[in-house]
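Student: the following comprises the amino acid sequence and a computationally predicted model.
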Amino acid sequence: MTVVTIAEESPRQPAVVRLLELSDAYAASLYPAESNHLVDLSALEKPTVSFFVARRDDEIVGCCALVEAGDGTAEIKRMFVDPEARRLKVGKHLLAALEAKAETLGIVAIRLETGIYQPDAIGLYKAFGYAERPPFGSYLPDPLSLFMEKPVRQAA
């Protein structure tokens, strides 16, 4: 039986760097540079970022970041699952961990930008209750981008 674990870890690990490089190459294969809104490794190491790593046994197979915006909201960045680990529900595990962290931080809403040519990602976000919204923050309207948001349920 395959066990997937999720933990907050440093993004500065060779296996995470490899995943980010795979993510960059995948995004570049789908979208022009101006439609890719990727953040680099140093941006993932800031104190306002919670970085999650998914492991199958001891192998890193996925990652994502929750980036606090400073206005009570946070954004999902760098969500990526190794193609070899797809169908193991790694994305669901990562998203659940990220949402639980947002709740503990008192975040009121989680936002994201994803590309229109990523139906699996869009389906995952919709299944978790994310709804389309206009661009936010520094994003400009882009026909290749889909912007989504979900309110965070606050514990009573």
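Tutor: Arrived safely, thanks for sending. Residues are numbered from 1 along each chain as shown.

Student: mind listing what's buried in the helix or strand where Thr104 lies?
Tutor: Element membership of Thr104, judged by DSSP states H and E, is helix 90-105. Within helix 90-105, the residues scored as buried using 16 or more other CB atoms under 10 Å are 90-91, 93-95, 97-99, 101-102. For glycine as for every other residue, the C-beta is placed from the backbone atoms N, C-alpha and C.

Student: do the same with stretch 122-140
Tutor: For stretch 122-140, the neighbour count (16+ other CB under 10 Å) marks 122, 124-125, 128, 130, 136 as buried.

Student: and those residues, which is closest to Glu68?
Tutor: Phe136 (13.8 Å; CB to CB).

Student: please name the residues that touch the residue nearest the centre of the chain.
Tutor: Taking CA atoms, centre = their mean, the centroid of the chain lies closest to Met79, which sits 3.0 Å from it. Taking CB atoms under 8 Å, 6 or more residues apart in numbering as the criterion, Met79 is in contact with 63-65, 91, 94-95, 112, 121.

Student: SS state for it?
Tutor: At Met79, secondary structure determined by DSSP: H, G, I helix; E, B strand; the rest coil is strand.

Student: quick check: Ser29 is in a helix.
Tutor: Yes: secondary structure of Ser29 (three-state DSSP): part of a helix.

Student: next, count neighbours for it.
Tutor: Ser29 has 8 neighbours, counted by other CB atoms under 10 Å.

Student: distance check, it against Val67.
Tutor: According to CB to CB, to the nearest Å, Ser29 and Val67 sit 24 Å apart.

Student: ok, now Arg133?
Tutor: 17 Å.

Student: how about Ala54?
Tutor: 18 Å.

Student: neighbour-wise, which of the two wins?
Tutor: Neighbours around Ala54 and Val67, counted as other CB under 10 Å, are more numerous at Ala54. The numbers are 27 against 20.

Student: verify the contact between the more buried one and His93 for me.
Tutor: Yes: with contact defined as CB atoms under 8 Å, Ala54 counts as touching His93 (6.0 Å).

Student: joint contacts of the two?
Tutor: Joint contacts of Ala54 and His93 (CB under 8 Å, 6+ apart) are 4, 6, 62.

Student: so which of those are in strands?
Tutor: Per DSSP state E, strands hold the following members of those: 4, 6, 62.

Student: and the closest residue to Gly70 other than its chain neighbours, what does it touch?
Tutor: Spatial nearest neighbour of Gly70, chain neighbours left out: Thr48 (7.2 Å); criterion: CB to CB, 6 or more residues apart in numbering. Neighbour list for Thr48: 67-68, 70 [criterion: CB under 8 Å, 6+ apart].
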